[in-house]
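**Q** have a look; sequence and predicted model below, questions after that.
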Amino acid sequence: MNILITGAAGFLGSHLSDRLLSEGHEVIGLDNFVTGSPDNIAHLMGNEKFSFHKHDVSNFIFIQGKVDAVLHFASPASPNPQSPSGYFNLPIQTMKAGALGTHNCLGVARAHEARFLLASTSEIYGDPLVHPQTESYAGNVDPVGPRAVYDEAKRFAESLTMAYHRAHGVDTRIVRIFNTYGPRMDLEDGRALPNLLKQALLGQPLTVYGDGGQTRSFCYVDDLVDGILKLLLSDEHLPVNIGNQDEMTILQFAETINKIVGNQAGITFVKDARSVRDPQQRQPDITRAREILKWEPKVALEAGIQKTIPYFKKKLGVA
């Protein structure tokens, strides 16, 4: 297939590009490098099956030649308020990527009679009151809160995707992505894994907010890509959760990282002001992924962290 990937220079977009190229597909990558990095796709530039265009998806997209599938992954996604590429500091760009960007990508899919896959997120569930989160749960989202620019952009994108499916017959897919990690993720992302792994590799105490009782589940990027491609090739139009169901507290996670890295600096507890309304529980119900896609994660957490450490060490310049 000829496949258009927006956000191709991002963490997930670059891994998707790798996998699709390895399977013989042709990939057209779009990215404006606001959050993605040229380093993530530098190794692809000599591949004759890969072409790249620097482009902002909130502007009209014209692709010459046949397109068989459109994978829309372009959006700021970092919840780190201190990150210049996080959605707190790019609120308008984030909402434009979710609204105008999704509209433009759906337009490409419609014009080319191509499949369309939207990268949605577990953030559409907000701070959930249902646990674990099923696709039928409508969420608990504050539309004017500090995280709303990302949450509501993705919720709107899902609605627009289904509108194009129902009104225009576009062959759509929606994947709701839960916490994912691996090489090429932004070390300043603001999520638990990059924060804690970076501190551990630098020999620093790991910062845990509150009592560390908030929970997360972590999916290695190769597993996520497997699930996304199974969804793309399926006939399922309604949203599907893709993530790892192995839930643990942040304190347990911090202790696991210190053990793997051999960090003796311990853990520092910091008062949790909840200033950005960080969800207290996050775990996917992946029943539909198991039943419809015959998918479930395979990479254990410790194995995935070991695969991720060399990239972090290289970026941090540590041995």
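**A** That came in fine, so what should we check first?
**Q** backbone phi and psi for Phe60, please?
**A** Taking degrees, to the nearest 10, you get phi -50, psi 140 for the backbone angles of Phe60.
**Q** what sits against the closest residue in space to it that isn't next to it in sequence?
**A** Nearest residue to Phe60, sequence neighbours excluded (CB to CB, 6 or more residues apart in numbering): Asn104, at 6.1 Å. To be clear about C-beta, it is placed using only N, CA and C from the backbone, and glycine gets the same treatment. Residues in contact with Asn104 (CB atoms under 8 Å, 6 or more residues apart in numbering) are 57-61.
**Q** got TSV for the residues you listed, with neighbour count too?
**A** Shown next, in TSV, are those (neighbours: other CB atoms under 10 Å):
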residue	neighbour count
Val57	25
Ser58	20
Asn59	12
Phe60	11
Ile61	20
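**Q** now, which of those residues lie within strands?
**A** Within those, no residue falls in strands by DSSP state E.
**Q** return the closest of those residues with respect to Ile309.
**A** Nearest to Ile309 out of the contacts of Asn104 is Val57 (CB to CB; 32.6 Å).
**Q** helix, strand or coil for Lys314?
**A** On the three-state scheme (DSSP: H, G, I helix; E, B strand; the rest coil), Lys314 is labelled helix.
**Q** hang on, Tyr125 packs against Glu135?
**A** No. Counting by CB atoms under 8 Å, Glu135 is not a contact partner of Tyr125; they are 9.7 Å apart.
**Q** of these two, who's got more company?
**A** Tyr125 (28 against 18; other CB atoms under 10 Å).
**Q** now do the more buried one against Pro81, distance only.
**A** 21 Å (CB to CB, to the nearest Å).
**Q** do Gln264 as well
**A** In terms of CB to CB, Gln264 sits 30 Å off from Pro81.
**Q** residues near Phe156, how many?
**A** 16.
**Q** what do you get for Pro183?
**A** Pro183: 18 neighbours (other CB under 10 Å).
**Q** likewise for the one 4 residues further on?
**A** Residue neighbour count, defined by other CB under 10 Å, stands at 14 for Leu187.
**Q** any idea which element it lies in?
**A** Under the criterion DSSP states H and E, no helix or strand holds Leu187.
**Q** enumerate every residue touching it.
**A** Counting by CB under 8 Å, 6+ apart, Leu187 has contacts 194, 198, 312, 315-316.
**Q** Gln82: neighbour count?
**A** The number of residues near Gln82, taken as other CB under 10 Å, comes to 10.
**Q** ok, now how distant is Ala69 from Leu229?
**A** Taken as CB to CB, the span from Ala69 to Leu229 is 10 Å.
**Q** and Thr172, by the same measure?
**A** On the measure of CB to CB, Thr172 and Leu229 end up 16 Å apart.
**Q** now swap in Leu316 and tell me
**A** 31 Å.
**Q** which of these two has more residues huddled nearby?
**A** Shown here are Leu316 and Leu229; by other CB under 10 Å, Leu229 has more neighbours (19 against 13).
**Q** tell me the phi and psi of the closest residue to Phe52 other than its chain neighbours?
**A** Closest residue in space to Phe52, ignoring its immediate chain neighbours: Gly29 at 4.4 Å, by CB to CB, 6+ apart. With angles defined as degrees, to the nearest 10, Gly29 sits at phi -100, psi 140.
**Q** just the one 10 residues further on next, same as before
**A** As for Asp39, its main-chain torsions (degrees, to the nearest 10) stand at phi -60, psi -30.
**Q** report how many residues lie close to it.
**A** 11.
**Q** begin at 189, not 1, for the rest of this chat.
**A** Yes, from this point I'll number from 189; that puts the last item at Asp227.
**Q** now it: how far from Pro371?
**A** 11 Å.
**Q** would you mark the buried spots in stretch 203-221?
**A** 203-209, 213-220 (16 or more other CB atoms under 10 Å).
**Q** same question but for stretch 325-345, I mixed them up
**A** Neighbour-count burial for stretch 325-345 [16+ other CB under 10 Å]: 325, 327, 329, 335-345.
**Q** just checking the distance from it to the centre of its chain.
**A** Computed by CA atoms, centre = their mean, to the nearest Å, the chain-centroid distance of stretch 325-345 equals 16 Å.
**Q** try stretch 484-501
**A** Worked out by CA atoms, centre = their mean, stretch 484-501 lies 16 Å from the chain centre.
**Q** what segments of the stretch 289-438 of the chain are strands?
**A** In the stretch 289-438 of the chain, the segments counted as strands under DSSP state E, counting those that start in this stretch are 303-309, 360-365, 368-369, 394-397, 403-405, 407-408, 428-430, 435-437.
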